Each structure stands twice: as structure tokens, then as C-alpha cells.
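> Sequence first, predicted coordinates after that:
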Amino acid sequence: MSGPLIIAVPSKGRLKEQVEEWLADCGLKLSVSGGARGYMAEIKGLAGAQVRLLSAGDIAEALDSGEVHLGVTGEDLLRERGGDLDSRALLLRALGFGRADLVVAVPKSWLDVDSMADLEEVAHDVLARTGRRMRVATKYLVQTRAYFARHGVADYRITESSGATEGAPAAGAAELIVDITTTGATLVANGLKILGDGVILRSQAQLAASLRATWSDGQLAVAERLLRVIEARATAHDSATLVWPDSEGDEDLIGDLVAAGATRRPNGVLAPVDRIAAISLLLTAKGRGPVTASRPDFVFETSCAPFESLARRVKN
Ligand SMILES: Nc1ncnc2c1ncn2[C@@H]1O[C@H](COP(=O)(O)OP(=O)(O)OP(=O)(O)O)[C@@H](O)[C@H]1O
Ligand SMILES: O=P(O)(O)OC[C@H]1O[C@H](OP(=O)(O)OP(=O)(O)O)[C@H](O)[C@@H]1O
Ligand SMILES: [Mg+2]
């Protein structure tokens with residue numbers, strides 16, 4: 001017998017609440033089940049799984065080391081682990097929350113610095129003028145180095161910053177910063193602007209699987225159940241069912257609807273939510289109707305693509 005499927009979710013901060021809401025929306029309620037400080041939980045209705053509540057950064061680390069099978073954390077933190085993320089973890093689903101852009105930002109007063117190419121010139125100038133390298137304040141060392149290298153910026157050094165990074169230029173601790181931003185308010189408040197080609201990563205929360213963990217058949221089976229529910233809910237959020245009288249006789253017309261993005265279903269079609277109106281109009285224009293569109297709660301497809309790629313990567 002192998003142990004439970006271990007799933008890590010954020011224990012604090014803005015991601016925690018959003019992850020709980022998302023799971024509850026899928027009908028998967030978390031119930032804290034104790035552990036020394038309440039840092040363990042179960043998912044109601046998903047036997048064979050154990051949930052660990054960890055910080056977002058620790059979740060990225062635990063996926064990396066294989067201590068957990070699945071985890072929810074920011075893509076920025078996963079990529080910051082360095083090396084080739086794809087060989088260590090599989091991104092199963094982008095969750096649409098926890099959005100933040102990792103950006104290169106410089107003082108607004110640098111009027112003619114708008115691109116990474118301009119920044120390269122600044123780096124040269126600073127070195128020539130002062131004999132010292134331009135300083136970049138960040139806690140995202142890995143992604144900063146990779147991005148600057150890709151843009152040919154070499155004459156700089158990183159001053160590691162773990163908080164209030166945006167204040168570093170005004171405080172004289174660095175010339176520029178690399179940090180995450182969501183609304184941009186903190187950058188503006190600190191007199192900083194994002195370089196035109198300075199977006200390193202558009203991050204959001206991801207459900208990821210560890211490729212370093214040991215996966216038993218039993219653990220994979222629990223993961224499959226979980227992923228099927230999550231995918232069914234996500235598909236439902238994006239679709240509507242369209243039905244109309246005597247749809248069975250409308251083979252040719254359904255062919256047109258499929259060409260417009262719909263999927264054939266008994267009694268009608270399933271349409272992407274943003275095409276409900278367009279597809280209904282194709283029908284009413286041909287005299288069909290009334291067309292009734294309703295939003296499903298779950299759409300369980302016969303196959304579950306994220307699970308299939310996971311199984312392919314971790315089996316044998
Ligand atoms: N406006 C935001 N500010 C900070 N983090 C955000 C924001 N929006 C989304 N996130 C995401 O939340 C995650 C960071 O969460 P959190 O700060 O709780 O984790 P942590 O860095 O591990 O914890 P700590 O800061 O205590 O070390 C990152 O993936 C980040 O991209
Ligand atoms: O673009 P904005 O909407 O202004 O948000 C971005 C800011 O929010 C976060 O800081 P937070 O207050 O969470 O503190 P932390 O960096 O210590 O986590 C982040 O590190 C940025 O500083
Ligand atoms: Mg933080």
C-alpha cells in the first residue's frame with residue numbers, strides 16, 4: 001500500500017483565500033484536520049488525499065524536491081527555482097488568479113530609457129563613469145539573470161532585496177528593480193516605470209505536479225479523480241448548452257455551428273460562453289428557435305488532457 005496523494009496549498013496571504021474559493025467552487029471543500037499547528041487538511045469527498053498548508057515559496061520548493069505530488073503556487077516562484085522547470089514540474093492548469101507581472105522598472109526620471117537596449121547603454125555609462133556596476137534590487141535572482149543575459153545586459157550586479165524592493169532606487173540602494181506588480185500602484189508611488197520590453201513573466205497561480213515525486217498507481221488514481229473534477233468545472237465555466245426544437249434533424253446546420261466553435265451534444269451543441277450570441281443568431285437566422293442557452297455546472301469530458309499528460313510523464 002502506498003501513502004496518500006500529497007497536495008500543497010498556500011497557508012496564508014492572498015493566494016490562500018483564492019485557492020480555497022476555487023476548490024469550494026469545484027465542490028471540493030478543504031477541512032483542516034489538525035496536524036501540529038493546523039497545517040494539514042483534507043478535501044471532503046476526495047479519499048486518499050492529504051493536504052499540506054505551506055507558504056507559496058515553500059510549495060515551489062516542495063514540488064521541486066518531490067515532497068508533494070501536487071501543489072498550487074505562483075508561476076513566478078516555480079520559475080525562480082532555476083534550471084529547466086519542465087523537467088521537474090508539469091503545469092496542469094493556470095488558475096486565473098494570483099496574477100502578477102514580473103517586470104524591470106527604472107526611475108521615471110530616466111526620460112530616454114525605455115527599453116532593455118537603452119538599459120544596456122546605461123549600464124555601460126555607469127561603469128565608465130563610476131567604475132562600479134549598475135545595481136538591480138530584486139529577490140528574483142534567477143529570472144533577472146536569465147532575462148538580462150538574453151537582452152545582452154551584462155554590466156550590472158544584483159543587490160538582493162526581500163521586501164520593499166520598489167523603495168531601493170529612492171533610498172540609493174540600487175539604480176533599478178525587478179519585482180512583481182499587479183495594479184502598478186506601488187511602482188507609481190515610488191516614481192518607477194516599466195521598460196517597454198521589461199515584462200519578464202506574466203505570472204498567475206498554477207496547479208502543478210511534481211515530476212520528482214514518486215507516483216504510485218493509487219496516488220495517480222486519486223490525482224485523476226481530482227483533475228477530472230477540476231477540468232469539468234473549468235470547462236463548465238467556459239461553456240453553455242444550446243438547445244432548440246427538433247435539433248436532431250439539423251445535421252447540416254450543426255456542421256456550421258461546429259465550424260463556428262461549438263461542439264456537438266445530444267439535443268443541441270455546447271458553445272464557448274463568448275460565442276453564445278453569435279451561435280444562437282446562426283440558428284435563429286435559419287428560422288430555428290426558440291434557442292435556450294443554459295450554463296452547465298460541470299462538463300465531464302471522456303478524456304482529461306492534464307491527467308493524460310501527467311500519467312505519460314510519471315509512469316514506468
Ligand atoms: N500583488 C501581489 N503581490 C504579491 N504577490 C502576489 C501579488 N499578486 C499575486 N501574487 C503572487 O503570490 C505569490 C506570493 O505569495 P506570498 O507572498 O504569500 O508567498 P511567499 O513569498 O512564499 O511568502 P513570504 O512573502 O511570506 O515569503 C507569488 O506567486 C506572487 O506572484
Ligand atoms: O502593483 P501593486 O498592485 O502595487 O502590487 C505589487 C506589490 O505588492 C506586493 O507586495 P506586498 O505588499 O504583498 O508585500 P511583500 O512584497 O512583502 O509580499 C509586491 O511585492 C509588490 O511590492
Ligand atoms: Mg510575499
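Nice, thanks for sending it over. Ligands and ions are numbered 1, 2, ... in the order given.

> which residues touch residue 269?
Contact partners of residue 269, counting by C-beta atoms under 8 Å, 6 or more residues apart in numbering, are 241, 242, 254, 257, 258, 262, 263, 279. All C-beta spots, glycine's among them, are computed from the backbone N, C-alpha and C.

> Confirm residue 178 sits in a helix?
No. According to DSSP: H, G, I helix; E, B strand; the rest coil, residue 178 belongs to no helix; its state is strand.

> pretty sure it contacts residue 201?
No. The pair residue 178 / residue 201 is not scored as a contact, 10.3 Å apart, by C-beta atoms under 8 Å.

> which residues are common contacts for the two?
102, 143.

> More neighbours: which of these two?
Each of residue 178 and residue 201 has its neighbours counted (other C-beta atoms under 10 Å); residue 178 has more, 25 against 18.

> what sits against the residue in the stretch 1-150 of the chain positioned nearest to ligand 1?
The nearest approach of the stretch 1-150 of the chain to ligand 1 comes at residue 74, 1.7 Å away (C-beta to the nearest ligand atom). By C-beta under 8 Å, 6+ apart, residue 74 lies in contact with 15, 56, 60, 98, 100, 203, 204, 205, 206.

> before we move on, back to that, write the ChimeraX selection for whichever of the contacts of residue 269 are buried.
Only the buried members of those end up in this ChimeraX selection, burial being decided by 16 or more other C-beta atoms under 10 Å:
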select :241,242,254,257,262,279
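
> Of the contacts of residue 269, which belong to strands?
With DSSP state E as the criterion, strands contain 241, 242, 263 from among the contacts of residue 269.

> Could you export those as a markdown table, including distance to residue 79 and pLDDT?
Shown next, in a markdown table, are the ones in strands among the contacts of residue 269 (distance: C-beta to C-beta, whole Å; pLDDT from 0 to 100):
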| residue | distance to residue 79 | pLDDT |
| --- | --- | --- |
| 241 | 38 | 97 |
| 242 | 40 | 97 |
| 263 | 34 | 95 |
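
> In TSV: the contacts of residue 269, plus distance to ligand 1.
Shown next, in TSV, are those (distance: C-beta to the nearest ligand atom, whole Å):
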residue	distance to ligand 1
241	34
242	36
254	42
257	38
258	38
262	35
263	33
279	35
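
> Helices along the stretch 1-150 of the chain, start to end?
13-25, 56-65, 75-79, 85-88, 116-130, 141-150 (DSSP state H, counting those that start in this stretch).

> ok, now the stretch 151-300 of the chain?
168-171, 185-189, 217-237, 251-259, 276-285.

> Now render the contacts of residue 74 as CSV, adding pLDDT.
Listed next are the contacts of residue 74 as CSV, based on pLDDT from 0 to 100:
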residue, pLDDT
15, 96
56, 97
60, 98
98, 98
100, 98
203, 98
204, 98
205, 98
206, 98
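
> picking that back up, got JSON lines for the helices of the stretch 1-150 of the chain, with mean neighbour count and distance to ligand 2 too?
Shown next, in JSON lines, are the helices of the stretch 1-150 of the chain (neighbours: other C-beta atoms under 10 Å; distance: least, C-beta to the nearest ligand atom, whole Å):
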{"stretch": "helix 13-25", "mean neighbour count": "16", "distance to ligand 2": "7"}
{"stretch": "helix 56-65", "mean neighbour count": "22", "distance to ligand 2": "10"}
{"stretch": "helix 75-79", "mean neighbour count": "22", "distance to ligand 2": "10"}
{"stretch": "helix 85-88", "mean neighbour count": "14", "distance to ligand 2": "21"}
{"stretch": "helix 116-130", "mean neighbour count": "15", "distance to ligand 2": "21"}
{"stretch": "helix 141-150", "mean neighbour count": "16", "distance to ligand 2": "14"}
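
> closest to residue 291 out of those helices?
helix 13-25 (27.4 Å; C-beta to C-beta).

> touching ligand 1 at all, the closest one?
Yes. Interface with ligand 1: helix 13-25 contributes 13, 15 (C-beta under 6 Å from any ligand atom).

> ok so, going back, show me the two of the contacts of residue 269 that sit farthest apart.
Across the contacts of residue 269 (C-beta to C-beta), the longest gap, 14.7 Å, separates 241 and 258.
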